[in-house]
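Asker: I would like to see how this sequence folds:
(one chain, ligands or ions: 1)
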Amino acid sequence: MRKFIIIELLSNHRLNLLKHVRESEVNTSLQQLYQLWNKKKSSNSDKVLVEMKRWFRDVTLNVILMMVVGKRIPNSYEGVETVEWKKSVDEFFELGAKFVTADAFPFLRWLDIGGEEKRMKKVSKELDQLVEGWLREHKEKIAENEANSEEDFMGVMLTKLRDVEEHDANTINKATNLSLVLGGEDTTSITMTWALALLLNNRDALNKVQQELDSHVGKDKLLVTESDAKNLVYLQAIIKETLRLYPAAPLSVTHEAIEDYTVNGYNISVGTWLIFNLHKIHRDPHIWTNSNEFRPERFMATHKDFDVRGQNFELIPFGSGRRMCPGVSFALQVLQLTLANVLHWFEFETPSDEAIDMREAPGLTSPKATPLEVYISPRLPTFVYNSTS
Ligand code: HEM
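Answerer: Purely as a prediction, here's the structure:
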């Protein structure tokens, strides 16, 4: 399934073919944000308060949903949540990060202390019903018009799994598409939320990236394209520094040893769970000077040749090796394109010019975590927003 996903969806070749989806979704979301600003601005102030965490989440979800199941969701950053199933997704992540007694003491599992297993079963059912609905719609669409069947990944999978027994084919299709939505949405949008929060606390870096945009793109051009974004080296350094300080999966994904082996002098026996503390590795003071500070410049000087694709073990926000994140290229494209555009289109300010308390974790998706509410105002001349290209 990993190979299939990479070949059919996440390879550089496939991603290039889907460039228009990313550019169009980012453009639509920016237009909506601009319209929101236009509607809410007052005669005494051109600043409008927006919940950017929700905006980042909506744009990421729309890019992924369009590619995977050919769907979009309505905006939620204007106030109320518009899609009921996001609550199930939030609960999924909350439960995934929870310490469950039975993980450490399996013999206590039958007691389900804290009731987490019961909640997990409930969430799993809700998410299954969601993706079941998408699958049903796809089948109905194909029954009406076979020609449209391969417009998105779920459609491609339906064709490829034609010869597999129906119950198994449905399970494989639902599980694969759900794992893509769950694996890609939260991680990518959290990283953008952290990046903006870090930039708001480091105004020099914010000014510098906007200057880079002005010199490479120019204030008379509305949309930053993916080919423009490739040349924004300071923005890329900001993304790496954000992924270093706030890896979206700080403890990565738990691995289980499938055989006995020795690593670095430690004997690991079969069945052992291995949890990678990426947060700690990324802040190792022996590797990173001023390891807790946000210094994107390090990726243009001392760590110029470091990338995040699993080759430099000191920086592995996407993991490394044969189970590393297959969505790395796609995630980097979405991060670069969305951040480049939103920083090009708008000025940002925190309410009452206060620094954001990073311990309050604006990046977390949990409904209890702090939203990232900031003032936005346009930074390009009005005629540019009114132009269509
Ligand atoms: C900033 C964005 C992202 C980060 C930081 C991230 C990070 C990770 C990490 C740390 C792992 C575990 C690697 C390991 O087990 O060693 C992982 C696995 C995975 N990621 Fe991502 N990811 C991101 C975006 C995405 C996207 C956009 C997708 C798909 C559209 C995706 C799909 C997956 C899948 C399917 C796996 C499981 C792979 C396997 O078990 O073989 N991720 N990701």
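
Asker: So Pro250 sits against Asn277, correct?
Answerer: Yes: under the criterion of C-beta atoms under 8 Å, Pro250 makes contact with Asn277 at 7.4 Å. (Glycine included, C-beta is placed from N, CA and C.)

Asker: What residues does Val131 make contact with?
Answerer: 174, 177-178 (C-beta atoms under 8 Å, 6 or more residues apart in numbering).

Asker: what comes up buried for the longest helix along the chain?
Answerer: The longest helix of the chain (DSSP state H) is helix 166-201. For helix 166-201, a neighbour-count test (16 or more other C-beta atoms under 10 Å) marks 169-170, 172-174, 176-178, 180-201 as buried.

Asker: Please say which of Pro250 and Asn277 ends up with more neighbours.
Answerer: Shown here are Pro250 and Asn277; by other C-beta atoms under 10 Å, Pro250 has more neighbours (15 against 12).

Asker: burial measure for the closest residue to that one other than its chain neighbours, as a count.
Answerer: Nearest non-adjacent residue to Pro250, counting by C-beta to C-beta, 6 or more residues apart in numbering: His279, 4.0 Å away. Per other C-beta under 10 Å, the neighbour tally for His279 reads 16.

Asker: Please tell me I have it right and His279 contacts Ser252.
Answerer: No: the criterion here is C-beta under 8 Å, and His279 misses it with Ser252 at 9.7 Å.

Asker: nearest residue to the residue in the stretch 1-150 of the chain positioned nearest to the ligand other than its sequence neighbours?
Answerer: Nearest residue of the stretch 1-150 of the chain to the ligand, counting by C-beta to the nearest ligand atom: Arg2, 5.1 Å away. Spatially, and ignoring its direct neighbours in sequence, Arg2 is nearest to Pro326 (6.2 Å; C-beta to C-beta, 6+ apart).

Asker: That neighbour and the ligand: what is the separation?
Answerer: 5 Å (C-beta to the nearest ligand atom, to the nearest Å).

Asker: Pretty sure Ile376 sits in a strand.
Answerer: Yes: per DSSP: H, G, I helix; E, B strand; the rest coil, Ile376 lies within a strand segment.

Asker: Touching, it and Tyr34? I think so.
Answerer: No: between Ile376 and Tyr34 no contact is recorded; they are 9.1 Å apart, counting by C-beta under 8 Å.

Asker: Between these two, point out the one with more neighbours.
Answerer: Ile376 (24 against 17).

Asker: follow-up on the earlier one: need the contacts of Val131 in JSON lines with distance to the ligand, can you?
Answerer: Below are the contacts of Val131 laid out as JSON lines (distance: C-beta to the nearest ligand atom, whole Å):
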{"residue": "Lys174", "distance to the ligand": "14"}
{"residue": "Asn177", "distance to the ligand": "10"}
{"residue": "Leu178", "distance to the ligand": "10"}
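
Asker: of the residues you listed, closest to Leu17?
Answerer: Asn177 (18.5 Å; C-beta to C-beta).

Asker: OK, contacts around the closest one?
Answerer: So Asn177 contacts 68-69, 131, 134, 153-154, 157 (C-beta under 8 Å, 6+ apart).

Asker: 7 Å - rerun?
Answerer: When contacts are counted by C-beta atoms under 7 Å, 6 or more residues apart in numbering, Asn177 is found next to 68-69, 131, 153-154.

Asker: and what of Ala340?
Answerer: Here Ala340 is in contact with 213, 224, 228-229, 232, 235 (C-beta under 7 Å, 6+ apart).

Asker: returning to what we had before: what about the residue nearest to Pro250, which SS state?
Answerer: Of the three states, His279 takes helix under three-state DSSP.

Asker: Verify the stated contact: it with Pro247.
Answerer: Yes: counting by C-beta atoms under 7 Å, Pro247 is a contact partner of His279 at 6.4 Å.

Asker: Torsion angles phi and psi at Ser291?
Answerer: When read as degrees, to the nearest 10, the backbone of Ser291 gives phi -60, psi -20.

Asker: Tell me how far it lies from Phe348.
Answerer: 26 Å (C-beta to C-beta, to the nearest Å).

Asker: How about Val224?
Answerer: Val224 sits 16 Å away from Phe348, taking C-beta to C-beta as the criterion.

Asker: Which one of those two is surrounded by more residues?
Answerer: Val224 (26 against 21).

Asker: The ligand contacts on the stretch 101-250 of the chain?
Answerer: Residues of the stretch 101-250 of the chain lying near the ligand by C-beta under 6 Å from any ligand atom: 179-180, 183-184, 187-188, 191, 247-249.

Asker: If we only consider these, which is nearest to Lys47?
Answerer: Thr191 (25.5 Å).

Asker: And the closest one, what's its pLDDT?
Answerer: On pLDDT, Thr191 comes in at 95.

Asker: With adjacent residues omitted, what lies nearest to it?
Answerer: Nearest to Thr191 is Ala248, by C-beta to C-beta, 6+ apart, at 5.3 Å.

Asker: Would you report the backbone torsion angles of that neighbour?
Answerer: Torsion angles, degrees, to the nearest 10, at Ala248: phi -60, psi -30.

Asker: Isn't it up against Met192?
Answerer: No: counting by C-beta under 7 Å, Ala248 sits too far from Met192 to count as a contact (10.0 Å).

Asker: residues in contact with the residue nearest the centre of the chain?
Answerer: By C-alpha atoms, centre = their mean, the chain has its centre lying nearest to Thr188, at 1.2 Å. Each residue near Thr188 by C-beta under 7 Å, 6+ apart is listed here: 60, 331, 334-335.

Asker: Same list, the residues you listed, but only the ones touching the ligand.
Answerer: When C-beta under 6 Å from any ligand atom is applied, the members of the contacts of Thr188 adjacent to the ligand are Ala331.

Asker: Identify those among the contacts of Thr188 that sit within helices.
Answerer: 60, 331, 334-335.

Asker: Closest one to the ligand out of the residues you listed, please.
Answerer: Ala331 (3.7 Å).

Asker: Cool, thanks, signing off.
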